[in-house]
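Peer 1: Here is my input, please return the structure:
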Amino acid sequence: SSQHLILHFNRIFDELSKMCADPDHGVRSVCETLDRLMKDIVTEQPTFDLDSFVPLLSERICAANPYVRQFLVSWIRVLDSVPEVDMLIHLPKYLGGLFKILSDTQEEITRGCAAVLGEFLNEIKQNHTQLDNNDVLLTLSAYCSSQDYLSKRT
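Peer 2: Numbers count the residues shown, from 1 in each chain. Down below sits the predicted model:
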């Protein structure tokens, strides 16, 4: 059942994040199908445990592989769209990784990441959420002083 899958979500997500970087197109294609199914299940289940998931997301968010980056950004976007899931509370834990993704050379990935960051900014403006401003400011400060042209440009 889908509730049983939710209990093992982190292990499944961990494996999917590895499979999406596989050089074999067939493996990536199967991964995309499983990814869509998992997203459907997570968005329909009110029992999703965000607190146990965020450490895994925070670990993976610094991946250099473009397929993994795209996978992670899509998950952040999907989870942020679920009303019961508040991704902003944990934003400081993965914000730096999102800024690193902005420096990706593939426009589709940077566009998707910029859209997610824009959505977060709108949510912050609208909700004045309880966000750890010190951690966000430290991340923004590091990003602003970055020597990475692509990151600064965006």
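Peer 1: residues in contact with the host helix or strand of L37?
Peer 2: According to DSSP states H and E, L37 maps onto helix 25-44. With Cβ atoms under 8 Å, 6 or more residues apart in numbering as the test, helix 25-44 has contacts from 2, 5-6, 9, 12-13, 16, 19-20, 22, 48, 67, 71, 74-75, 78-79, 81-82. Any C-beta I mention is one placed from the backbone N, CA and C, and that applies to glycine too.
Peer 1: same thing but at 6 Å, please
Peer 2: S2, L5, L16, M19, C20, D22, F48, V78, V82 (Cβ atoms under 6 Å, 6 or more residues apart in numbering).
Peer 1: ok, now which ones touch the first one?
Peer 2: Contacts for S2 (Cβ under 6 Å, 6+ apart) come out as I41.
Peer 1: now do the second one
Peer 2: Going by Cβ under 6 Å, 6+ apart, L5 touches I41.
Peer 1: make it 8 Å
Peer 2: Contacts of L5 by Cβ under 8 Å, 6+ apart are I12, M38, I41.
Peer 1: Could you measure from the first one over to I109?
Peer 2: Distance of I12 to I109, computed by Cβ to Cβ, to the nearest Å: 23 Å.
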